[in-house]
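Colleague: just a sequence and a predicted model for now, questions to come.
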Protein chains: 2
Amino acid sequence: MKIDPASPADLSAQIAKAIRDAIIAGELIVDERLPSEAELAEQFAVSRSTVREALKRLAAQSLIRTQRGAFGGAFVNRLSYADAYGQQITTSTLLLSMNAVRFDTACEARFALERACAPLSAERRSADHLATMRAEIFRQKQPGLTDEAFCASDVTFHRALVDGAGNPVLSYQLAGAVEAMQPLMNMITFTARSREAIVALHGAIADAVEVRDGPAACDGLSALESYTVGLARSIMEDRARRGK
Amino acid sequence: MKIDPASPADLSAQIAKAIRDAIIAGELIVDERLPSEAELAEQFAVSRSTVREALKRLAAQSLIRTQRGAFGGAFVNRLSYADAYGQQITTSTLLLSMNAVRFDTACEARFALERACAPLSAERRSADHLATMRAEIFRQKQPGLTDEAFCASDVTFHRALVDGAGNPVLSYQLAGAVEAMQPLMNMITFTARSREAIVALHGAIADAVEVRDGPAACDGLSALESYTVGLARSIMEDRARRGK
DNA sequence: CAATTTTCATTTGTCAGACATTTAAAAGTC
DNA sequence: GACTTTTAAATGTCTGACAAATGAAAATTG
């Protein structure tokens, strides 16, 4: 691992990259201890503060964890599904909010991906997954539920559908698509009638998953996509008219 | 934005979280300048080094960028698709390599997601996307191509298919699934016969996309998935036998 | 007056050294 | 042998300093 003191980039960024590359290349394996900050400082011929900034960068990506005390130090971290989920959700959410992504673009992506899961989920879902879906549908019927709570329940429902496929890699990939939609959905005010329509579609999807009918689940998702996009569009147009 | 000096977590992690939350909540908007390190140090009642470590954490997630000099400082960064792609690929790759994910699990996720794109891509792909797919097929036919180059071309082919859907959010979500498979694919040694089979399936997919036949493209992807999983399995079994 | 150069204040990047805190192993004690 | 104390090693934090970059303002020049 070498760095170039003449490079325009910050030393701490270069050092972080060198260590990151070593981890990705497998030169540093999970739970292996990195040299102490003092040793790294000597190796790279920089000060300890510079090394520390590099290590903090890696910690922010969950690539290492640090432990204080004797025999402590920085250890290569096993990237857990939970960590990866979190990063995926943060990145997706910010990507959507900072780039003025159209509602229907995000919605299309989300439902296309969910339809990819639906046949697998219909085939493999456990009783638990189905129970969660039913419970969330029940919750969504409650009057007096705030829009935020309704959206949160919507996310839980769809996550249960995705998780039903029993493929953690798929669940990880979908986490961003499903969760990042929530802030966009929160911009919608749901009327009693629109909630009723959505709950009915959720029911149809749950029914399809219950009888292990993948294509029917896909159809339900497609119908939900059309309805959601139409709902958002009519609300946006309404706001534009009032804005005049 | 407040921090709790009595919390068990590091101060720099707390400060990073406080700023990150402010960005996500929209309290700090894109291109807005954060207070200088000295001012932040005063606000949070910590030293400048602690503030710097917090800022480096945020920089590692592409949430801020820094600029030296007068009127420089830390600015809230617009998370670009390119940055998001990169993070997604790094995270996905590490997740697969560090968690001993089975080849067929990752493969199933990847092809399920690609099938989600196929109908959209068949409908909307430009001539460019199709040309890229054809060019990569041509490249894959070249004798003397290394396995690494074959896999890289495979990734390019599939990315063209995904990008053909014309939905950047979808492309972003798929980036991880497609690219993270490459290290796993690189573990396979491709015989002339297996390459021929794969290239033929690529051709079938390209044909389907050319005539805008989404279902046929999906079928091609399914066939490719079965073939790839079978190939990997037979190679693994072969290695296990020889290992005896 | 306009264009160019110089100065200058501000801010990040890096360094050195110090002390506090945590932690587990090692030594000591009963 | 079980418990307590000591100790060494490591990270976390603070202070103060200087280097380097950078854009604005001031000075200079034609």
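Modeller: Alright, I've got the coordinates.
Colleague: any regions of chain A where pLDDT drops low?
Modeller: Within chain A, the segments meeting pLDDT under 70 span A:1, A:5-6, A:244.
Colleague: break it down into its domains, please.
Modeller: Following the assignment in automatic domain parsing, chain A carries domains at A:11-76, A:81-243.
Colleague: mind checking those for the one nearest to DNA strand C?
Modeller: For DNA strand C, the closest of those is domain A:11-76, at 2.0 Å, according to C-beta to the nearest atom of the strand. (C-beta placed from N, C-alpha, C; glycine too.)
Colleague: helices and strands around the longest helix along chain A, which ones?
Modeller: The residue-count maximum for a helix in chain A (DSSP state H) belongs to helix A:214-243. Under the contact criterion of 3 or more C-beta pairs under 8 Å, 6 or more residues apart in numbering or on different chains; DSSP states H and E, helix A:214-243 touches helix A:103-124, helix A:192-210.
Colleague: hang on, the earlier thing: pipe the domains of chain A into CSV and attach mean neighbour count and distance to B:Phe71 per row.
Modeller: Shown next, in CSV, are those (neighbours: other C-beta atoms under 10 Å in any protein chain shown; distance: least, C-beta to C-beta, whole Å):
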stretch, mean neighbour count, distance to B:Phe71
domain A:11-76, 17, 22
domain A:81-243, 18, 23
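Colleague: now the ones you listed as CSV including distance to B:Leu130?
Modeller: Putting the domains of chain A into CSV (distance: least, C-beta to C-beta, whole Å) gives the following:
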stretch, distance to B:Leu130
domain A:11-76, 33
domain A:81-243, 20
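Colleague: Serialize these to a markdown table and add fields for distance to DNA strand D.
Modeller: Shown next, in a markdown table, are those (distance: least, C-beta to the nearest atom of the strand, whole Å):
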| stretch | distance to DNA strand D |
| --- | --- |
| domain A:11-76 | 4 |
| domain A:81-243 | 17 |
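Colleague: let me know which of the ones you listed is the nearest to B:Leu145.
Modeller: Within those, the stretch nearest B:Leu145 is domain A:11-76; the backing value is 23.1 Å (C-beta to C-beta).
Colleague: that closest one vs DNA strand C: in contact?
Modeller: Yes. Domain A:11-76 reaches DNA strand C (C-beta under 7 Å from any atom of the strand) through A:11-12, A:45-50, A:53, A:67-72.
Colleague: got the residues of chain A near DNA strand C?
Modeller: A:10-12, A:45-50, A:53, A:67-72.
Colleague: 10 Å - rerun?
Modeller: Applying C-beta under 10 Å from any atom of the strand, we find that chain A lies next to DNA strand C at A:3, A:5, A:7-15, A:37-38, A:41-42, A:44-54, A:67-72.
Colleague: among those, name the ones in helices.
Modeller: Going by DSSP H, the helices hold A:11-15, A:37-38, A:41-42, A:44, A:48-54 from the residues of chain A next to DNA strand C.
Colleague: ok so, going back, just send the helices and strands packed on helix A:214-243 back as JSON lines, with distance to A:Asp147 too.
Modeller: Converted to JSON lines, the helices and strands packed on helix A:214-243 look like this (distance: least, C-beta to C-beta, whole Å):
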{"stretch": "helix A:103-124", "distance to A:Asp147": "15"}
{"stretch": "helix A:192-210", "distance to A:Asp147": "9"}
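Colleague: just so I know, which of these lies nearest B:Phe111?
Modeller: So among those, helix A:103-124 is nearest, using C-beta to C-beta, at 8.9 Å.
Colleague: kindly export that closest one (C-alpha atoms) in PDB.
Modeller: Output of helix A:103-124 as PDB, limited to C-alpha atoms (Å, rounded to 0.1, in the frame of the first residue of the first chain):
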ATOM      1  CA  PHE A 103     -42.600  10.700  -9.000                       C
ATOM      2  CA  ASP A 104     -43.600   8.300 -11.800                       C
ATOM      3  CA  THR A 105     -39.900   7.500 -12.600                       C
ATOM      4  CA  ALA A 106     -39.300   6.400  -9.100                       C
ATOM      5  CA  CYS A 107     -42.600   4.700  -8.900                       C
ATOM      6  CA  GLU A 108     -42.000   2.800 -12.100                       C
ATOM      7  CA  ALA A 109     -38.600   1.600 -10.800                       C
ATOM      8  CA  ARG A 110     -40.000   0.500  -7.500                       C
ATOM      9  CA  PHE A 111     -42.900  -1.500  -8.900                       C
ATOM     10  CA  ALA A 112     -40.900  -3.000 -11.700                       C
ATOM     11  CA  LEU A 113     -38.500  -4.300  -9.000                       C
ATOM     12  CA  GLU A 114     -41.300  -5.500  -6.800                       C
ATOM     13  CA  ARG A 115     -42.800  -7.400  -9.700                       C
ATOM     14  CA  ALA A 116     -39.500  -9.200 -10.000                       C
ATOM     15  CA  CYS A 117     -39.900 -10.400  -6.400                       C
ATOM     16  CA  ALA A 118     -43.600 -11.300  -6.600                       C
ATOM     17  CA  PRO A 119     -43.400 -14.700  -8.200                       C
ATOM     18  CA  LEU A 120     -40.600 -15.800  -5.900                       C
ATOM     19  CA  SER A 121     -42.500 -14.500  -2.900                       C
ATOM     20  CA  ALA A 122     -45.700 -16.200  -4.000                       C
ATOM     21  CA  GLU A 123     -43.800 -19.400  -4.200                       C
ATOM     22  CA  ARG A 124     -41.800 -19.300  -1.000                       C
END
